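K.L.:
attaching a predicted model along with its sequence, questions to come.
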Amino acid sequence: MSFVVIHTICKRFAPVIAPSTSRGVHCQATGSTENSVCKTAQERLMAETATLYVHWPYCEKRCTYCNFNKYISNSVDEGRMERCLKKEAETLITMSGVKRIGSVFFGGGTPSLAPASTLNSVLETISKHAYLPKDAEVTIEVNPTRAASPKLRDFRHAGVNRISIGVQTALCGLVFCNSRCIELGKQLFPGRLSVDMIFGRPSQTVQQWMDELHQILPLLGGHISLYQLTLERGTKLFKQVGRGKYSLPDEDTLLEMYTSAVQILQNHGLFRYEVSNFASHGCESLHNKNYWEGGQYIGVGPGAHGRFMPQGETIRQARIQTLEPDSWMYEVEHKGHATRKAVPLNRLNILEELLMTGLRTTEGIPHQHWTSVSQGSSNLWDLCQVCTGVQDLLTAELLMLDSLGLRATSQGLLILDSLLPLLVSCLQDYYSGHKREKE
């Protein structure tokens, strides 16, 4: 079985919902076409709430490992980009029928290159078309350079109340960490500063990784995300490794890196609450939590992803916006949004996603939440009982099923990628069996 720490949906899943009081409140969080009237206050809240992701696609340079949707440009039309971000946010919020935006995340690219005034303008637009609580989590990704430090105060005044800082080393052509930027971030955003680190870099040893963690510990602001470096086809690093210029750590080394990090962070008061995410109490990412719980979200900007039910539809859609910034802006200017692809998601599709994301968390999937999302069409007890493969995982203590719900054990989290295909297959067999029974 392989060990892989997935770079989660987290910020980029971007990777929503849609009720309208004029047509009744529908349980769009489930995508159900049956019994669509929400029966509980929780379901109603799910149907009326979404998070929102905003993608700023520009970077100063492309890191050797990165295959995200980003562009290097010396002549960014910031005014045009701002107008289009506002327009698409307005269009998609209206299209979704969402009444409340629970959190906002500015990702990229390098969104800290954007003017603070653009962030403020986008947030104001969101507030005009849905309720955005004053204490809603508003996050921006920041590169810890000297140039970024002066902008942190501007971001705070613009409405940002949480920052996520990417901390790397000079290996692979990555940026140096500027500790001053992190220290200032801790002052301006107390308890709401996250640090991202990548492990498994070329020629990196376990000891080097542990030394890096110990160096960053004094700078932490209550949250850290650890991502295993993965080779992405088409990147410079992929070609370099292919030519033999670099070699990556083997699986045993990666496993030791990860488990050592879990212990080091736990000793420092930072506990794992998701495969890649660690936090002290009260410092968890609320925006990412919505992804893992299968909530709805709106994606705004080039290449952004979304999951919501447009008004007038009966099931949720997986949506992706046009990738290239100039084409994206043209489409937004001419039709209000630049959705390039919208794929309908039935109930089974939504449960598959919930299974894959919910089990990434240490809490797992509570019974009540699964029943709510499935609209009573299944429950975790029955699902686990009818599948021999799941029973084997429970017996091997890789999964745990109790009165709280279904979750992966500490050992299960280490090989979660190997467990998920079996679980998804069991879920598909369960629903296909029920469909045959009805026929």
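P.N.:
Alright, I've got the coordinates.
K.L.:
measure the nearest residue to T139 once chain neighbours are set aside to R156 for me?
P.N.:
Of all residues not flanking T139 in the chain, R162 sits nearest, at 4.2 Å (Cβ to Cβ, 6 or more residues apart in numbering). In short, each C-beta sits where N, CA and C put it, glycine included. Taken as Cβ to Cβ, to the nearest Å, the spacing of R162 relative to R156 amounts to 10 Å.
K.L.:
higher neighbour count, those two?
P.N.:
R162 (23 against 17; other Cβ atoms under 10 Å).
K.L.:
and that one, its phi and psi?
P.N.:
Reported as degrees, to the nearest 10, the phi and psi values for R162 are phi -150, psi 140.
K.L.:
show me what contacts it?
P.N.:
When contacts are counted by Cβ atoms under 8 Å, 6 or more residues apart in numbering, R162 touches E137, V138, T139, I140, F189, R192, L193, S194, S285.
K.L.:
how many residues are close by the nearest residue to the fifth one once chain neighbours are set aside?
P.N.:
Which is F189. If the residues on either side of it in the chain are set aside, F189 comes closest to I163, at 5.5 Å by Cβ to Cβ, 6+ apart. When neighbours are counted by other Cβ under 10 Å, I163 registers 29.
K.L.:
tell me the confidence at H214?
P.N.:
At H214 the predicted local distance difference test score is 94.
K.L.:
helix or strand for it, which one?
P.N.:
For H214, the host element (DSSP states H and E) is helix 206-216.
K.L.:
run through who's touching that helix.
P.N.:
Outside helix 206-216, the residues that touch it by Cβ under 8 Å, 6+ apart are 167, 169, 177, 195, 197, 199, 224, 253, 256-257, 260-261, 264-265.
K.L.:
got a winner among those for most neighbours?
P.N.:
With neighbours taken as other Cβ under 10 Å, the top of the contacts of helix 206-216 is I224, carrying 27 neighbours.
K.L.:
I'd assumed F278 was in contact with it.
P.N.:
Yes - with contact defined as Cβ atoms under 8 Å, I224 and F278 form a contacting pair (5.2 Å).
K.L.:
what do the two both touch?
P.N.:
L265, L270.
K.L.:
my read is the residue nearest to F189 is in a strand, agree?
P.N.:
Yes - according to DSSP: H, G, I helix; E, B strand; the rest coil, I163 belongs to a strand.
K.L.:
now do it, the pLDDT please.
P.N.:
According to the model's per-residue confidence, I163 sits at a pLDDT of 97.
K.L.:
now do it against Y291, distance only.
P.N.:
If you go by Cβ to Cβ, the gap between I163 and Y291 works out to 19 Å.
K.L.:
then I415?
P.N.:
Distance check for I415 against Y291: by Cβ to Cβ, it reads 22 Å.
K.L.:
settle it for me: which of these two has more neighbours?
P.N.:
Here I415 and Y291 are compared on neighbour count by other Cβ under 10 Å; more neighbours surround Y291, at 27 against 16.
K.L.:
in a helix, that one, correct?
P.N.:
Yes - secondary structure assignment (three-state DSSP) places Y291 inside a helix.
K.L.:
I figured it hits H305, correct?
P.N.:
No - counting by Cβ under 8 Å, H305 is not a contact partner of Y291; they are 10.1 Å apart.
K.L.:
gap between the two ends of stretch 162-182?
P.N.:
Distances were taken as Cα to Cα, to the nearest Å; on that basis the terminal residues of stretch 162-182 are 12 Å apart.
K.L.:
all strands of the stretch 251-400 of the chain, in order?
P.N.:
Under the criterion DSSP state E, counting those that start in this stretch, the stretch 251-400 of the chain carries strands at the ranges 271-274, 277-279, 297-300, 305-308, 316-321, 339-345, 365-366, 399-401.
K.L.:
let me have these in JSON lines, extended by distance to G79, mean pLDDT and mean neighbour count.
P.N.:
Compiled in JSON lines, the strands of the stretch 251-400 of the chain are given as follows (distance: least, Cβ to Cβ, whole Å; pLDDT from 0 to 100; neighbours: other Cβ atoms under 10 Å):
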{"stretch": "strand 271-274", "distance to G79": "38", "mean pLDDT": "98", "mean neighbour count": "19"}
{"stretch": "strand 277-279", "distance to G79": "36", "mean pLDDT": "98", "mean neighbour count": "25"}
{"stretch": "strand 297-300", "distance to G79": "17", "mean pLDDT": "98", "mean neighbour count": "30"}
{"stretch": "strand 305-308", "distance to G79": "25", "mean pLDDT": "97", "mean neighbour count": "26"}
{"stretch": "strand 316-321", "distance to G79": "20", "mean pLDDT": "97", "mean neighbour count": "23"}
{"stretch": "strand 339-345", "distance to G79": "23", "mean pLDDT": "97", "mean neighbour count": "15"}
{"stretch": "strand 365-366", "distance to G79": "44", "mean pLDDT": "98", "mean neighbour count": "20"}
{"stretch": "strand 399-401", "distance to G79": "52", "mean pLDDT": "98", "mean neighbour count": "19"}
